[in-house]
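Student: with the input below, show me the fold.
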Amino acid sequence: MSQDTSAPDAVVVEEATVVVGPSLLARLGAEAFGSFFLVLSILGVGLYGRFTGAGLVLPVALAGGIALLAAIAAVGHVSGGHFNPAVTLGAAIGGRTAWRDVLPYWLAQIVGGIIASLILFATLPSAALPILQQNAVIADATKQAFISGTANGFGEHSPLAASTSGAFSFEWFSAFLIEVVVTAIFVGVILGVTDKRSNSKLAPTAIGLSLATLLLIAAPFTNGSLNPARSIAAAIFSDSWALSQLWLFIVAPLVGAAIAALFYRAFAFAPVQDDLLAEDEVFVVEEETDVTGAPAAAPTAAVVAEEAASPAVEVPEAVETVEVTEVAETEAPEAGTGKDSSDEDGTAPKA
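Tutor: Down below sits the predicted model:
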C-alpha cells in the first residue's frame, strides 16, 4: 500500500476561557460588611475600653488592625477589601479600581459604618449615664456625650487636650497634616502589597498591622481617623462639635490617598486589571484555531453572552495547546546500493 501524501484534514482546536467575577451587588455587600466590622471594632473598643483600666490607644489600634485583617481575609476577594473611601479613591486614581465603582463603594462603606455606630448607640446603658457624669467620665448624662469619646476631633477636642486639661492641644493644621501623612502611608502600603507583581501572600496581615501602627501615631492628635466612613459614623451620633469638625476627617484622608496614588502611578504603575485583592472582571474568550493556518470564524456576541451566563461552565486552571503532527515514514535505501528511492518499474516505494 503506497503512502498517502495528501494534506491531512483540517483539525480545529477550540479554546475557551471563562473568568466570572462577583457582581456589583455582591461587592457592595462585601464593602458594607467590612466597614461595619471595622467601625464596630474601633468604636466598640473605644467606648468600653475606658472601664477596663488597660487604656484606650493600644486596644483600639489593635482592634482596628485585627478587624481589617479579618475582613480582608474574609471578603477581600469579593470587593477588593477597601472598607474605606480613602482607599477606594486611591485605588481609582492609581488605576486599580474602575471610576464607576467609586460612588457606590463610598455609599456602601458609609452605610456599613453608620449601622455599626447605630447598634452601639442603641445599646448604651442609659442608667449608667448619670454615674459616668458624676465620675467625670462624660460631660453630660447623654448618649451623645458618651459616644463623643470615640469621635475624631482637633483643638480642644483632641485627645491630648483632654488628657492635659487643655494645657496642650493640636490645632486644625497639625491634625490635617498628620491625617494626610498617615493615610498616604496606609494607602501606599495597600497599593504596593496588593500589586500582582509583588506576589505577596501576606497582604491582609501587612495591611492590618499597618493600620494598627498608624492609628497609634495619629491617636494623640485626632483620635485616629484615616477613614472618612469611620469618622462619619462616630460624628452622626456624637455632640454637635463632632459634626462641625467632620470636614477635616473627610478631606484630609482623601488628600492623603490621592497623594499616595499619584506616587504609585508615577513609580510603580500596574496593569489596569490589577484590582487590589479582588478577582478580575468578567472575561469570556473563545478561540478556534485551524492547524492548517486558515482562521476559523469568530463567535458571535450572542454566543459569548450565552457562554458567560451558563452556570455549567467550569473555569479551567490552564489552557493547554496541543500540536498534532503527522509524519510519513519511508524506507531509507540500503547503504552502498546506489539505488534511487523509486523501484525499477516506476511505482512508489512501499511504506
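Student: for Leu132, give me the pLDDT.
Tutor: Per-residue pLDDT puts Leu132 at 84.
Student: so what's it up against?
Tutor: Counting by CB atoms under 8 Å, 6 or more residues apart in numbering, Leu132 touches 138, 141, 146. Where C-beta positions appear, they are placed from N, C-alpha and C, glycine not excepted.
Student: repeat the analysis, applying 7 Å as the threshold.
Tutor: Neighbour list for Leu132: 138, 146 [criterion: CB atoms under 7 Å, 6 or more residues apart in numbering].
Student: now it: how far from Trp241?
Tutor: Remark: distance between Leu132 and Trp241 (CB to CB, to the nearest Å) = 19 Å.
Student: ok, now Pro59?
Tutor: Taking CB to CB, one finds Pro59 at 24 Å from Trp241.
Student: go on, Ser165?
Tutor: With CB to CB as the criterion, Ser165 and Trp241 are 17 Å apart.
Student: then Gly166?
Tutor: From Gly166 to Trp241 the distance is 14 Å (CB to CB).
Student: what about those two, which has more around it?
Tutor: Trp241 (15 against 11; other CB atoms under 10 Å).
Student: now that one: closest residue in space that isn't a chain neighbour?
Tutor: His157 (5.8 Å; CB to CB, 6 or more residues apart in numbering).
Student: how many neighbours does that neighbour have?
Tutor: Neighbours of His157 (other CB under 10 Å): 22.
Student: ok, now which ones touch Val102?
Tutor: Each residue near Val102 by CB under 7 Å, 6+ apart is listed here: 88-89, 92.
Student: re earlier: my guess is the residue nearest to Trp241 contacts Asp239, does it?
Tutor: No. In this structure, His157 is not within contact of Asp239 by CB atoms under 7 Å, at 9.2 Å.
Student: for stretch 135-152, list every residue counted as buried.
Tutor: 138, 143-152 (16 or more other CB atoms under 10 Å).
Student: what do you get for stretch 225-243?
Tutor: For stretch 225-243, burial by neighbour count (16+ other CB under 10 Å) applies to 225-239, 242.
Student: might one say that Gly46 is in contact with Val57?
Tutor: No. At 9.5 Å, Gly46 does not count as touching Val57 under the criterion of CB under 7 Å.
Student: may I have the phi/psi pair for the nearest residue to Ile110 once chain neighbours are set aside?
Tutor: Spatially, and ignoring its direct neighbours in sequence, Ile110 is nearest to Ala229 (5.0 Å; CB to CB, 6+ apart). The phi and psi values for Ala229, taken as degrees, to the nearest 10, are phi -60, psi -40.
Student: ok, now which ones touch Ala229?
Tutor: 35, 39, 84-85, 109-110, 113.
Student: drop anything exposed from the contacts of Val102.
Tutor: 88-89, 92.
Student: of those, which belong to helices?
Tutor: 88-89, 92 (DSSP state H).
Student: include distance to Gly80 and pLDDT when you put the residues you listed into CSV, please.
Tutor: As requested, those are exported to CSV (distance: CB to CB, whole Å; pLDDT from 0 to 100):
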residue, distance to Gly80, pLDDT
Thr88, 8, 97
Leu89, 13, 97
Ala92, 11, 95
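Student: closest one of those residues to Ala184?
Tutor: Nearest to Ala184 out of these is Leu89 (CB to CB; 11.8 Å).
Student: once you drop chain neighbours, what's closest to the closest one?
Tutor: According to CB to CB, 6+ apart, the nearest residue to Leu89 is Ala257 (4.9 Å).
Student: cool, and Ile93?
Tutor: That would be Ala261: by CB to CB, 6+ apart, it lies 3.6 Å from Ile93.
Student: hmm, who's touching the helix or strand harbouring that neighbour?
Tutor: Using DSSP states H and E, Ala261 sits in helix 246-268. Residues from elsewhere that reach helix 246-268, judged by CB under 7 Å, 6+ apart: 85-87, 89-90, 93-95, 152, 154, 172, 175-176, 179-181, 183-184, 187-188, 191-192, 195, 225-228, 231-232, 235.
Student: swap in 8 Å and give it another go.
Tutor: 84-87, 89-95, 152, 154, 172, 175-176, 179-188, 191-192, 195, 222, 225-228, 231-232, 235.
Student: now, of the residues you listed, which are buried?
Tutor: Here, 16+ other CB under 10 Å leaves 84-87, 89-95, 152, 154, 175-176, 179-188, 191-192, 195, 222, 225-228, 231-232, 235 buried among those.
Student: so which of those residues belong to helices?
Tutor: Among those, the members falling in helices (DSSP H) are 85-87, 89-93, 175-176, 179-188, 191-192, 222, 228, 231-232, 235.
Student: and the strands in the chain, which stretches?
Tutor: For the chain, the strands defined by DSSP state E occupy 12-19, 283-290.
Student: lowest average pLDDT across the ones you listed?
Tutor: strand 283-290 (a mean of 48).
Student: Glu31 touches Ile110, doesn't it?
Tutor: No. Counting by CB atoms under 8 Å, Glu31 stays clear of Ile110, with 9.9 Å between them.
Student: of the two, give the one with the bigger neighbour count.
Tutor: Neighbours were counted for Glu31 and for Ile110 using other CB under 10 Å; Glu31 has more, 31 against 21.
Student: all set now, cheers.
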